[in-house]
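Chemist: I need the structure of the sequence given here:
(one chain, ligands or ions: 1)
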Amino acid sequence: MEKKQHYNADDLKILEGLEAVRVRPGMYIGSTGVNGLHHILWEIVDNSIDEAANGYADEISVILHKDGSASVEDNGRGMPTDVNTKAKMSGVEIIFTKLHAGGKFDNENYAFSGGLHGVGASVTNALSKWLNVEVYRGTVFKMSFTSTYDKTKKKWMCGIPSAPLLDTGEKTKKRGTYVHFMPDKEVFETVEWNYDTVAKRLKELAFLNKGVKINLTDERPVYAFEYGEDDEGNVTEIKVPQPPREPISYKYDGGLVDFVKYLNDGKTPLYEEPLYYSDIRDIQVKGAPAGKIKIEFALCHTKDDTESLFSFVNNISTVEGGYHENGFHSGLLKAINDYARANGFLKAKDPAFVPDDVKEGLTAVLNVKMANVEFEGQTKTKLGNPEARQPVEQTVMEGLAKLQNERGKRSVFDEIAKKAKFAADDRIKHRAERDVAKAASENDGLNLVGKLAACSGKNPDMNELFIVEGDSAGGTAKQARIRQFQSILPLRGKPLNVQKKTALQALQNEEIKTMISAIGAGFNRSFDVEKTKYKKVIILSDADQDGMHIRCILLTFFFKYMRDLINSGYVYIGMPPLYKVYKKDVVEYAYDDAELDEKIKKVGKGYQLQRYKGLGEMSAEQLWDTTMNPATRNLIQVTIEDAAEASAVIEMLMGDKVEGRKEFLAQNANFNKVDGFIDKVNFKPESGGEAD
Ligand code: 28F
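Modeler: Residues are numbered from 1 along each chain as shown. Predicted coordinates for the structure are as follows:
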């Protein structure tokens with residue numbers, strides 16, 4: 001692309017005055033809130049970035065000053081200082097006092113300007129109390145502007161120069177432009193710069209403009225806010241002074257490649273070096289002259305299963321996507337499908353990958369620059385130019401095809417194709433699973449009659465599901481329960497051990513189908529804990545070895561297929577007592593041997609002792625008192641570590657290592673040792689009975 005090397009002020013076009021900006025700031029900067037405030041800083045930064053993006057500047061410094069003002073400096077060519085013959089004012093004055101001033105829009109001075117965002121520096125001027133500019137072009141040029149309200153004229157006098165551009169004659173070796181301004185308190189709801197917002201944006205711009213060094217200095221005092229009490233004991237906020245922020249510099253010689261590496265920090269990439277490609281193509285935006293579009297992207301797959309694509313148009317983050325993203329996705333899909341077919345990753349019988357297959361674990365940055373952009377969507381961050389789609393798709397497809405032939409890159413494409421194939425297989429498998437799980441969920445109430453005794457209440461916060469070992473204990477529990485909020489699901493015999501089963505096999509099992517349907521929140525990947533019908537799922541099994549085994553099997557099931565139910569703290573173990581110590585009307589229950597001694601002492605001479613061999617031996621009343629009554633029962637909330645441990649125990653019991661299994665069974669043969677198991681898996685008991 002040709003660049004016009006010589007610029008003069010006659011190239012500037014003049015449109016309208018600045019009062020309009022004061023009268024309706026929202027029209028120009030979106031809002032007068034914190035975003036609008038930052039917008040007037042971005043206007044100035046964007047001008048420096050334009051200068052850098054076109055190769056004339058390589059360093060930009062932003063300072064947030066103590067008094068709330070901000071300054072930006074670049075080492076570019078410096079704003080034009082000569083006088084525009086038509087307007088009879090300097091280029092600097094035009095840039096700061098005329099809306100939409102600049103040749104930016106005719107694409108001559110700048111090949112690709114970010115400045116469509118830029119309604120221009122004049123907007124910043126119009127909304128500032130004061131603005132000073134210095135231009136370094138051999139000598140230092142200076143100009144100042146102020147904004148006031150003229151009461152007699154009832155008019156905003158905004159962005160008014162105090163004098164024409166002054167050549168101070170002071171010699172300088174520097175080149176570039178310095179702009180320092182004070183946002184007007186009368187305009188903005190807040191005039192406090194947010195350090196994190198500024199830092200994040202500057203870092204992003206440094207990634208998007210490789211090799212450009214961007215410095216940020218915050219000279220303002222830093223405070224932390226803590227809460228304390230004043231003399232009268234009222235809670236007050238205390239401002240605690242903090243050390244000042246260190247200046248920070250961002251510079252990324254790898255550009256988008258560094259951006260992708262940064263985004264992948266903490267993830268496991270499938271290959272070391274991100275793929276990168278860039279190209280410039282023709283574009284014909286409707287109603288506009290023929291133009292160019294610059295496209296660049298970097299991507300790298302990770303072991304994650306979600307996609308993170310960050311796209312930009314003219315340095316603006318297109319959070320809502322748009323045609324360039326569509327083009328990127330279809331280009332990527334075609335390239336990977338072609339590669340996989342040609343290299344045997346997809347056999348003749350295999351269907352082609354779908355977009356989700358190639359997106360899995362993808363981290364990518366797409367950066368597009370073009371003129372005449374149209375932003376759409378709720379937040380105006382969606383590219384609405386359909387013309388952008390095809391050139392982006394072509395660039396991605398051809399770029400990836402070219403990269404395949406680069407030395408050392410084949411293994412990268414092999415990894416991508418393998419990952420996509422895995423995702424496709426998984427998708428096909430899961431579709432079948434989802435169908436069965438859905439069928440199980442929809443079964444609710446039909447084939448479950450006689451099995452699940454569902455509670456009548458509909459509030460998941462209140463509702464409890466008891467999964468009870470054995471039909472007879474189940475029957476007792478059904479008599480004991482409060483039907484408004486307690487549901488009983490009796491299990492016949494041992495539930496299916498899902499450890500070595502596929503999800504589809506698990507779904508063949510009646511008991512498992514019943515549990516899925518009772519809980520009502522789906523299964524495996526489609527499990528959505530928000531949909532659970534019970535915020536307490538209580539496993540109630542005997543205090544013997546079989547009971548422990550059943551408990552482990554159930555925990556393994558939840559661990560594997562409803563993990564969020566455990567993560568949310570909704571899975572519990574019910575603890576039936578081991579002993580009943582009684583004399584006439586006095587009844588005490590002991591939940592372990594240590595407690596037994598204590599309870600014997602408490603009941604005193606002439607006590608009688610009953611040892612429960614199973615839940616089935618208890619009467620409905622006893623079961624209620626000891627295990628089901630929220631006021632008196634002992635529930636243990638299952639942590640994810642408990643469940644993982646349970647699943648490891650199951651693994652061991654099933655595994656090939658006979659020795660470990662024998663030892664474990666021997667150790668736990670005595671049912672009193674069940675608590676030993678509980679210790680071992682680190683179950684954390686709720687303290688005493690619950691009070692809910
Ligand atoms: C701190 C903010 O605003 N930097 C700028 C330049 C350089 C030129 C320029 C700016 C041309 C098309 C208007 C110089 N020499 N930093 C800045 N650096 N503006 S703003 O020209 C005016 C623009 O529309 C410049 C030759 N060509 C351009």
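Chemist: By mean pLDDT, flag the weakest helix or strand of this protein.
Modeler: helix 674-680 (a mean of 35; mean pLDDT, DSSP states H and E).
Chemist: Distance of the closest residue to Val392 other than its chain neighbours relative to the ligand?
Modeler: With sequence-adjacent residues excluded and distances taken as CB to CB, 6 or more residues apart in numbering, Val392 is closest to Gly327, at 3.1 Å. For every residue, glycine as well, the C-beta is placed using N, CA and C. Relative to the ligand, Gly327 is positioned 29 Å away (CB to the nearest ligand atom, to the nearest Å).
Chemist: now swap in Lys261 and tell me
Modeler: As for Lys261, its distance to the ligand is 29 Å (criterion: CB to the nearest ligand atom).
Chemist: what's the burial count for that residue?
Modeler: When neighbours are counted by other CB atoms under 10 Å, Lys261 registers 19.
Chemist: Repeat that for Phe558.
Modeler: For Phe558, using other CB under 10 Å, the count is 25.
Chemist: Surely it is in contact with Tyr570?
Modeler: No - using CB atoms under 8 Å, Phe558 makes no contact with Tyr570, being 9.2 Å away.
Chemist: secondary structure class for the residue lying farthest from the centre of the chain?
Modeler: Using CA atoms, centre = their mean, the residue of the chain lying farthest from its centre is Gly606. It sits 65.2 Å away. Here Gly606 is recorded as coil under DSSP: H, G, I helix; E, B strand; the rest coil.
Chemist: ok, and the closest non-adjacent residue to it?
Modeler: Lys583 (5.6 Å).
Chemist: Gly574 too?
Modeler: Using CB to CB, 6+ apart, the closest residue to Gly574 is Leu540 (4.1 Å).
Chemist: In what element of secondary structure is Ser71 found?
Modeler: strand 70-74 (DSSP states H and E).
Chemist: just checking, the residue nearest to Val392 touches Asn385?
Modeler: No - assessed by CB under 8 Å, Gly327 is found out of contact with Asn385, at 10.7 Å.
Chemist: So for these two, which sits in the more crowded spot?
Modeler: Taking Gly327 and Asn385 together and counting by other CB under 10 Å, Gly327 has the greater number of neighbours (25 against 22).
Chemist: Next secondary structure element downstream of the host helix or strand of Ser311?
Modeler: Using DSSP H and E, Ser311 maps to strand 308-313. Using DSSP H and E, the helix or strand that follows strand 308-313 towards the C-terminus is strand 316-317.
Chemist: what helices or strands is the next helix or strand after that following strand leaning on?
Modeler: Per DSSP H and E, the first helix or strand lying C-terminal to strand 316-317 is strand 321-322. If contacts are counted by 3 or more CB pairs under 8 Å, 6 or more residues apart in numbering; DSSP states H and E, strand 321-322 sits against strand 308-313, strand 382-383.
Chemist: Kindly recompute the last result at 7 Å.
Modeler: Contacts defined by 3 or more CB pairs under 7 Å, 6 or more residues apart in numbering; DSSP states H and E place strand 321-322 against strand 382-383.
Chemist: State the next helix or strand along the chain beyond the strand it packs on.
Modeler: helix 389-404.
Chemist: Strand 308-313 and that following helix, what's the angle between them?
Modeler: Calculated by axes from the mean of the first three to the mean of the last three CA atoms, to 10 degrees, helix 389-404 forms an angle of 120 degrees with strand 308-313.
Chemist: ok, what's across the strand from the residue most central in space within the chain?
Modeler: When CA atoms, centre = their mean is applied to the chain, the residue found nearest the centroid is Ser308 (9.1 Å). Judged by DSSP bridges, the bridge partners of Ser308 are Thr363.
Chemist: That one contacts Thr363, doesn't it?
Modeler: Yes - with contact defined as CB atoms under 7 Å, Ser308 and Thr363 form a contacting pair (5.2 Å).
Chemist: Residues that sit against both of the two, list them.
Modeler: Contact criterion CB atoms under 7 Å, 6 or more residues apart in numbering; residues shared by Ser308 and Thr363: Leu263.
Chemist: Sweet, I'm off.
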